[in-house]
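Participant: What follows is a predicted protein model with its sequence.
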Amino acid sequence: MAVPPVNTAAAKVLSLLVGRRPQTVTDLVDKLKVTRTAVTEQLSELQRCGLVDRERELNQNRGRPRYRYTATCKAMLLFNNRCGSLLAEALLDAVENGLNPDDAKKVVDAAAQRLADRYANQLEGVTDPRQRVESLVEMLREDGVVIDLVEEDNRLHLYRRSCPFIGLPEQNDYACLFDEHLFKTVAQVPVHRAADRHEGDECCGFFIDIEGTGNGKSRE
């Protein structure tokens with residue numbers, strides 16, 4: 001689930017809604033010490049982004065309708081993105097330092113397999129490797145991953161530009177192993193690593209040999 005960025009003012013409004021009972025515009029104005037117009041503008045933008053839900057108050061017989069606002073699950077992800085990245089780093093670091101290399105690789109492969117199954121289940125009936133890769137890239141983007149897919153010289157090149165393990169030591173190789181296992185499991189063809197952030201490249205990259213892909217083109 002991709003979470004759109006929000007401006008500072010909207011983030012302040014959202015922080016008062018996450019994990020709290022529904023709030024009215026008046027509640028938010030009192031807490032933020034800003035104008036009613038400023039709050040309603042931010043709430044409208046947050047609703048448009050799917051970060052806030054609105055419900056009409058009951059037992060209201062006359063006058064203008066009053067609404068209460070709540071943060072959605074999508075909003076919770078916005079605040080948890082950094083925490084989730086730190087957790088991923090801590091878990092992967094614990095795997096590397098707490099297990100021998102063979103057992104550590106088994107754990108990483110098992111985790112990658114679980115995630116691969118989640119995506120592969122949505123591709124039932126799709127047998128063409130290129131279509132599977134293209135669909136996987138779209139699903140990853142929907143989940144907030146920054147990834148490019150480039151087709152060139154009968155190869156599909158995958159460039160994973162965002163990484164939840166960015167804070168890990170440079171010598172840690174398990175993050176790339178995770179992605180490699182994920183890609184080859186969903187694509188159902190061999191995947192080869194072509195670039196590695198830990199070795200000085202801008203991002204981690206992989207390629208898949210697929211015959212008959214036609215002329216090179218980019219899907220960025």
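Facilitator: Okay, I see it.
Participant: Quick one: find the helix or strand in this structure with the lowest mean pLDDT.
Facilitator: The weakest-scoring helix or strand in the chain, judged by mean pLDDT, DSSP states H and E, is strand 217-219 (a mean of 36).
Participant: What about Leu92, how many residues nearby?
Facilitator: When neighbours are counted by other Cβ atoms under 10 Å, Leu92 registers 21. In this view, the C-beta of every residue, glycine as well, is placed from N, C-alpha and C.
Participant: Spell out the secondary structure type for the spatially most central residue of the chain.
Facilitator: In the chain, the residue lying closest to the centroid (Cα atoms, centre = their mean) is Gly144, at 2.9 Å. Three-state assignment for Gly144 (DSSP: H, G, I helix; E, B strand; the rest coil): coil.
Participant: any idea how far it is from Ala195?
Facilitator: Separation of Gly144 from Ala195 (Cβ to Cβ, to the nearest Å): 21 Å.
Participant: Likewise for Val145?
Facilitator: Applying Cβ to Cβ to Val145 and Ala195 gives a distance of 16 Å.
Participant: try Val146
Facilitator: Counting by Cβ to Cβ, the gap from Val146 to Ala195 is 15 Å.
Participant: again, but for Gly125
Facilitator: 32 Å.
Participant: and if you look at Gly50?
Facilitator: 34 Å.
Participant: Touching, Leu32 and Val13? I think so.
Facilitator: Yes - shown here, Leu32 and Val13 form a contact pair, counting by Cβ atoms under 8 Å, at 7.1 Å.
Participant: Between Gly50 and Ala195, which has more neighbouring residues?
Facilitator: Neighbour comparison, Gly50 and Ala195: the larger count goes to Ala195, with 18 against 14 (by other Cβ under 10 Å).
Participant: My guess is the more buried one contacts Asp179. True?
Facilitator: No - the pair Ala195 and Asp179 fails to qualify as a contact (Cβ under 8 Å) at a distance of 11.5 Å.
Participant: overlap in contacts of those two?
Facilitator: Shared contacts of Ala195 and Asp179 (Cβ atoms under 8 Å, 6 or more residues apart in numbering): Cys204.
Participant: the helices in the chain, which residues?
Facilitator: With DSSP state H, the ranges of helices along the chain come out as 8-15, 25-32, 36-48, 73-98, 101-120, 129-142, 174-187.
Participant: Out of those, which gets the lowest mean score?
Facilitator: Lowest mean pLDDT of those: helix 73-98, a mean of 74.
Participant: returning to what we had before: what's the most buried one of the helices of the chain?
Facilitator: A comparison of the helices of the chain by mean neighbour count, using mean count of other Cβ atoms under 10 Å, puts helix 174-187 on top with a mean of 22.
Participant: ok now it, how far from the chain's centre?
Facilitator: 16 Å (Cα atoms, centre = their mean, to the nearest Å).
Participant: That helix versus helix 129-142: what angle between them?
Facilitator: 130 degrees (axes from the mean of the first three to the mean of the last three Cα atoms, to 10 degrees).
Participant: packing partners for helix 174-187?
Facilitator: Packing partners of helix 174-187 (3 or more Cβ pairs under 8 Å, 6 or more residues apart in numbering; DSSP states H and E): helix 73-98, helix 101-120, helix 129-142, strand 204-209.
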